[in-house]
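[1] generate coordinates for the sequence data below:
(one chain, ligands or ions: 1)
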Amino acid sequence: WENKTGRNLTRSSPLFKNLAAKVHRFNFLALSHRLFGDTCPLVSLSCFQTPQRIPYDEAVQQEFRPAAVGDAFGPTWWTCWFKVELSIPREWAGKEVHLLWDSDGEAMVWRDSQPVQGRGTGSVAPLLPFCSRFCSLNLYMEVACNGLFGAGKGTMIAPPDPDKKFTLNKVELVVFNRDVHELLVDFEILLDMAKHLGEKNQRSFQALYTANQMVNLCDVTDPSTFPAAHQLASAFFSQRNGESQHTIHAMGHCHIDSAWLWPYEESIRKCARSWVTVVRLMEKNPGFTFTCSQAQQLEWVRNWYPGLYAQIQDFARKGQFIPVGGTWVEMDGNLPNGESMVRQFLQGQRFFQEQFGKLCTEFWLPDTFGYSAQLPQLMRGCGIWRFLTQKLSWSLVNTFPHHTFFWEGIDGSSVLAHFPPGDSYGMQGFVEEMLKTVNNNKDKGRVNHSVALFGFGDGGGGPTQKMLDRMKRMKDVDGLPRVQMSTPDQFFSVLERDGSQLYTWIGELFLELHNGTYTTQAQIKKSNRECERILHDVEVLSSLALAQKSAFPYPATKLQRLWRLLLLNQFHDVLPGTCIQLVAEDAMTYYEGEWRTLTESTVIMNTLPWERTEVISRTRPTGADTLALVKVCSMGYSVVKDSLTPPHPVRVVKQLDGSITMENGVIAAHLDSMGHVTSLHLVSSGRCVILFFEPVECGIFCPLDDLQRLCVLKTFRKPVTTLVKPLEIILPGGLRGSVRFSLQISEKSIITQEVILDAMCPYLRFLTQVEWNEAHKFLKVEFPVQARSMNATYEIQFGHLQRPTHWNTSWDWARFEVWSHKWMDLSEHGFGVALLNDSKYGASVHGNTMSLSLLRAPKSPDTTADMGHHQFTYAVMPHLGSFQEAGVIRYAYCLNFPLHTMPADSVQCPAWSAFCVSSPAVVLETVKQAEDRPGVLVARLYESHGSTVVTWLQTCLPVKEAITCDLLEQADPTGHLPLKELGVELSFTPFQVISVLLVLG
Ligand SMILES: [Zn+2]
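    Next up is the predicted model:
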């Protein structure tokens, strides 16, 4: 019946046993064989192959050689262009004609230099009719040597097989019998209702009885009997529901991963193939609506397929093609920093406004690995108050208790959230899916509406005519939920009207699966952190240069290009590291090049908004590096001639047993000859912090090929204890002391650490080099510390949150590993320990053991993931008081944003500070030029302690006007701030983000 999904009529239920006998008499196979009528061969077929993805104009200039059905082409990632000449027989006039094309790889049909139809892979599938009258035409088929899901060897997420060959299995012209198609859909719906409504349901019997009657009426060999059979079905489908029935808002969708099991370049073609199909469907189905997210993908199609893009814009104006989401790409929901999250929306919303004349009102992120508790505030700040996803249904341990609810972030902002209860963003319009949507909906007593997204996804593909035909029949059929074509706005508007009884969920939406995404592809993650820093610093420095000299050419265009590259790489299969090797390589090239030149040519100084006293390394004119202790102004510079003298120099002393003590008057550490920190003390209080520390290798339990499913089993934990180079002193002390050692992780992998202690610095820094050549291994570092608390604190975007340190409930246990940004902290009253890092995201605190995830070695879908050399830094910082009072947040910034050094002759005065903030709770995160407004700066600040504070933003820049604005930089109508001697006064609630437009005079 439906060969593709293996559905057949053999049912074991008594219902079918009793009533299905007659239906079985009907030869369904015979009917489906009559879907296509007469056939006709092509006039000619020729092809040429290329390893590149080239434009149409270039392709058609090439030399094509004759080709035939049965020919093989490839290998993987090549493109085979076919030239197809065909002539439709005169006697077919008025009939619906299809071209059957089965060639394994995804394909695009071109006609008259325009893309006209895309098609996926799999069994023989008809193209929609492109010509129904007598004619001859030439087409080109651009066939990619990859399937919808790339070219995995064996299983889908296995690494690609580079030598895969593709075959042209079938090409012919056929007459398509629309009446047979309609009957087949009728039967499918009726039989599915009979099956899935259940034996006790009266409609189930009625559906089967109707199907039975149709069989009696219908003679497969006589098409004149078909209308009467179809009429019976129509009569059944026109029996309406009562008023109380649930309404399903169906929306066409096509999830296209911007890169995953295929490279970025292929995604561009996937977008075109999918959306041209959507446009064809819209021409035939005026009510068909399609939701499309990711500005980047629309930008790709705009650049590469302008003709198609113009058609998309037409249908967007008609309200059928609906841009959604508001972001540049569907990004990872955990790892991008606060400013990156803002820019996802800023770049996305600006694009949608410019190209489609509207801002999106909903955030659309069906598929990612968890959602930060700061997102509601960021959405709100970007004109968005609605949210759609479904990925939480993938959680391994706990079932999320809602499908429609208010989601409240750490600052108290809330948005209306909906998870399509069918637990899918790629439905096909089956009865079973619609029933699941209602039955599974946990909030159906409170609101009587759900969303169903239909259309093949992940690798693209999108909706088909058959899906639409199914749902047309389910519009309002007694016994089934009402299935109506809808839009996100129609759906959410109904919820807003009826949603007063909805529950509120506070805090993060944590996905209990794929924790490995916090660690895998460490170089991508490190480059992400590094590029976030570079963009931060360049924007700050360029803004300050602009404020000092209005003729300064703020590099707005270049910055936009680099931001968009960074945002693209934050896509939910790239930054999380779930992509193939080709994508990882592409991503790394996006992090290279211009970034470096950008930093070298800028002024160098302190880009953080507080005064810093730190040891820096300077290069003398002689070329030698020397250390200096320097004090630098808040977001500004200081000219340094001589090093300051620290109140307490660093002392590094080797003991007789080969162990070493390091001490700087703030903290004191003792390391044994293996490099283990065997004790760490706070000098002022004598408080012992650590008794024992070791780098730890944990084996992982990884069920088969599952991508990131990860259960760390304690029994697999195996400390690294094989010494290669014993502990030795590198720097003897004074301004900086350091020691170094190397350990063998395995025969193939070595870890070398330089443990560094600077004068006046409250943390011990571990500069780590790893040669990593493992398989299915996980490297973590553990710090068993002397602090006890039920909760540990982790940094997230523009704030932090607590997670339990115990496994009381399944919700606690399921968070055995979590994500964090620059710092995490375990504090009891009056004392605590923070763990800082410069590029890691995976973390956990269980009991009193704090661990940081360093490296993984998964082999799918990239066998080479994380193999080779790595360098990263983490640091342990014990403190008195709370982490807020101890300045943990600031020190984590300092570790991530080192001071820049530059020749002193390029500055005029000895010290200059552009900005400072009076409250230590408030961080001035970003200073940049406003979009499209030279001479206007944006300063973005947030409250970082979780407190209500009033603070002054002080500046020496020539500011003549200050106005608060939203995250899209639209001025708040009542946001004029008085300019006072101390600057501008700002009031914050916990974790509030405030942006201020500063108009320069
Ligand atoms: Zn995806």
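
[2] going by C-alpha atoms from here, please, whenever you check contacts or count neighbours.
    Noted.

[3] quick one: the strands in the stretch 551-700 of the chain, in order.
    With DSSP state E, counting those that start in this stretch as the definition, the stretch 551-700 of the chain shows strands at residue ranges 612-619, 625-632, 636-638, 650-654, 660-663, 667-671, 677-682, 687-690, 694-699.

[4] who wins for proximity to Asp163 among the ones you listed?
    strand 694-699 (32.6 Å; CA to CA).

[5] looking at the strands of the stretch 551-700 of the chain, which is closest to Trp952?
    Closest to Trp952 of these, according to CA to CA: strand 636-638, at 17.4 Å.

[6] picking that back up, CSV for the strands of the stretch 551-700 of the chain, including distance to the ion and mean pLDDT?
    Conversion of the strands of the stretch 551-700 of the chain to CSV gives the following (distance: least, CA to the ion, whole Å; pLDDT from 0 to 100):
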stretch, distance to the ion, mean pLDDT
strand 612-619, 42, 86
strand 625-632, 45, 86
strand 636-638, 42, 86
strand 650-654, 50, 96
strand 660-663, 48, 96
strand 667-671, 46, 94
strand 677-682, 42, 89
strand 687-690, 42, 78
strand 694-699, 28, 44
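
[7] for those strands, give me TSV that also has mean neighbour count.
    What follows is the strands of the stretch 551-700 of the chain, written out as TSV (neighbours: other CA atoms under 10 Å):
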stretch	mean neighbour count
strand 612-619	18
strand 625-632	17
strand 636-638	22
strand 650-654	22
strand 660-663	22
strand 667-671	24
strand 677-682	20
strand 687-690	20
strand 694-699	21
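
[8] and the ones you listed: which comes nearest Ser500?
    Among the strands of the stretch 551-700 of the chain, if distance is taken as CA to CA, the winner is strand 694-699, at 48.3 Å.

[9] pull the contacting residues for the residue lying closest to Leu644 once chain neighbours are set aside.
    With sequence-adjacent residues excluded and distances taken as CA to CA, 6 or more residues apart in numbering, Leu644 is closest to Leu629, at 5.2 Å. With contact set as CA atoms under 8 Å, 6 or more residues apart in numbering, Leu629 has these partners: 613-616, 643-646, 735, 759.

[10] run through the bridge partners of Leu629.
    On the basis of DSSP bridges, Leu629 takes part in beta bridges with Val615.

[11] enumerate the residues of the chain near the ion.
    Proximity of the chain to the ion (CA under 5 Å from the ion) is limited to residues 257, 367.

[12] just checking, which helix or strand of the chain averages the lowest pLDDT?
    For the chain, counting by mean pLDDT, DSSP states H and E, strand 694-699 ranks last in confidence among helices and strands (a mean of 44).

[13] what count of nearby residues applies to Pro55?
    The local packing of Pro55 (other CA atoms under 10 Å) involves 11 other residues.

[14] and the gap between it and the ion?
    When CA to the ion, to the nearest Å is applied, the distance between Pro55 and the ion equals 26 Å.

[15] could we number from 277 for the rest of this?
    OK, 277 is where the count begins now, so the last one is Pro331.

[16] which residues touch the closest residue to Gln1062 other than its chain neighbours?
    In space, Gln1062 comes closest to Val965 once its chain neighbours are excluded; the distance is 5.2 Å by CA to CA, 6+ apart. For Val965, the contacting residues are 955-958, 1061-1063, 1109, 1154, by CA under 8 Å, 6+ apart.

[17] one more time with 10 Å, if that's ok
    With contact taken as CA atoms under 10 Å, 6 or more residues apart in numbering, Val965 is in contact with 943-945, 955-958, 1059-1063, 1107-1109, 1152-1155.

[18] shaky segments in this structure?
    Counting by pLDDT under 70, the chain contains low-confidence residues at 277-305, 396-410, 869, 871-880, 895-900, 967-993, 1179-1184.

[19] residue ranges of each domain in it, please.
    Domain assignment for the chain, taken from the TED database, gives 290-310+455-515, 311-452, 522-789, 926-1172, 1190-1276.

[20] and the first one, how far out from the chain's middle?
    So that's domain 290-310+455-515. How far domain 290-310+455-515 lies from its chain's middle: 44 Å, per CA atoms, centre = their mean, to the nearest Å.

[21] cheers, nothing more for now.
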